[in-house]
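> Build me a structure from this.
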Amino acid sequence: MKTKFFLAAFMFSLAACAYSANGEAANEKLSTNLVDDFYGLIVNTPANVIIEQGEQQTIRFEGASKDLKQTNVKIENGNLVISGTNSNPVTIYITIKEINLIEVNGNSRLYSSAVINSDLLLLKVNGSGSIRLDVRSLSLGMLVKGSGKIIASGSTGTSYSRIYGIGKVITSDLDSFETIEESNSGKQAYRLNILKNPGLDVQPNLSN
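Numbers count the residues shown, from 1 in each chain. Reported below is the predicted structural model:
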């Protein structure tokens, strides 16, 4: 089922726009609970996104009123999709229950405020944005297209990474049982233990 709501309409249902003494739009804060479940997060608009895990799924926005009014949110095909036409980045705090996909498009930045637990997690950066995540997973896939970067720390059973362009995948602080890296220069595989764990057979799809 497709669920969609627009942030601008939700804003005006809560309060009128706030203005500072000199007539310029002041920063605003807006938060709401997310009733529908989602397992993916896709960011398509300039934003600084901070995520954490918790039982109550929530989303909170901070930014100039004019930028918040140009930001849209919808839950579609199991993904929380954030898009908009705002010219200045907004700050978004998201609490999630479970997550399997995090995708950042454009120049957005996404961070985790604590460890993110997920059996299977796929991270994607398209453009010049970045993802910086502390993870604990069985299988971790990382895909960068463009000049962006992914910085992953924590632990995973198997990590897969692929780079198109001049981007970076940094995993110096990530403990991985097995590491497979693909880039413009070819493919490299590293096995950190002699015995392969039979429970780590799931490989993320990095084809797109």
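> Look at residue 21 and report its pLDDT.
According to the per-residue confidence, residue 21 scores 43 in pLDDT.
> which residues of this structure score low on pLDDT?
Within the chain, the stretches falling below the threshold (pLDDT under 70) are 1-26, 184-208.
> Give me the residue at the spatial middle of this protein.
With distances taken as Cα atoms, centre = their mean, the residue of the chain nearest its centroid is residue 102 (3.8 Å).
> Which element is encountered next along the chain beyond the helix or strand hosting that one?
Residue 102 belongs to strand 101-106 when elements are defined using DSSP states H and E. As assigned by DSSP H and E, the chain's next helix or strand after strand 101-106 is strand 109-112.
> how about the helix or strand just after that following strand: buried residues?
Past strand 109-112, heading to the C-terminal end, the next element that is a helix or strand (DSSP H and E) is strand 116-127. Of the residues in strand 116-127, those with enough neighbours to count as buried (16 or more other Cβ atoms under 10 Å) are 116, 118, 120-127. Backbone N, C-alpha and C define where each C-beta goes, glycine included.
> Need the residues you listed in JSON lines (columns: distance to residue 95).
Formatted as JSON lines, these follow (distance: Cβ to Cβ, whole Å):
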{"residue": "116", "distance to residue 95": "11"}
{"residue": "118", "distance to residue 95": "15"}
{"residue": "120", "distance to residue 95": "20"}
{"residue": "121", "distance to residue 95": "17"}
{"residue": "122", "distance to residue 95": "20"}
{"residue": "123", "distance to residue 95": "19"}
{"residue": "124", "distance to residue 95": "21"}
{"residue": "125", "distance to residue 95": "22"}
{"residue": "126", "distance to residue 95": "25"}
{"residue": "127", "distance to residue 95": "25"}
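> Name all residues that make contact with residue 153.
The contact partners of residue 153, by Cβ atoms under 8 Å, 6 or more residues apart in numbering, come to 133-135, 171, 173-174.
> Now the two most distant members of the residues you listed.
134 and 171 (12.0 Å; Cβ to Cβ).
> Give me the common contacts of those two.
Contacts common to residue 134 and residue 171, judged by Cβ under 8 Å, 6+ apart, are 152-153.
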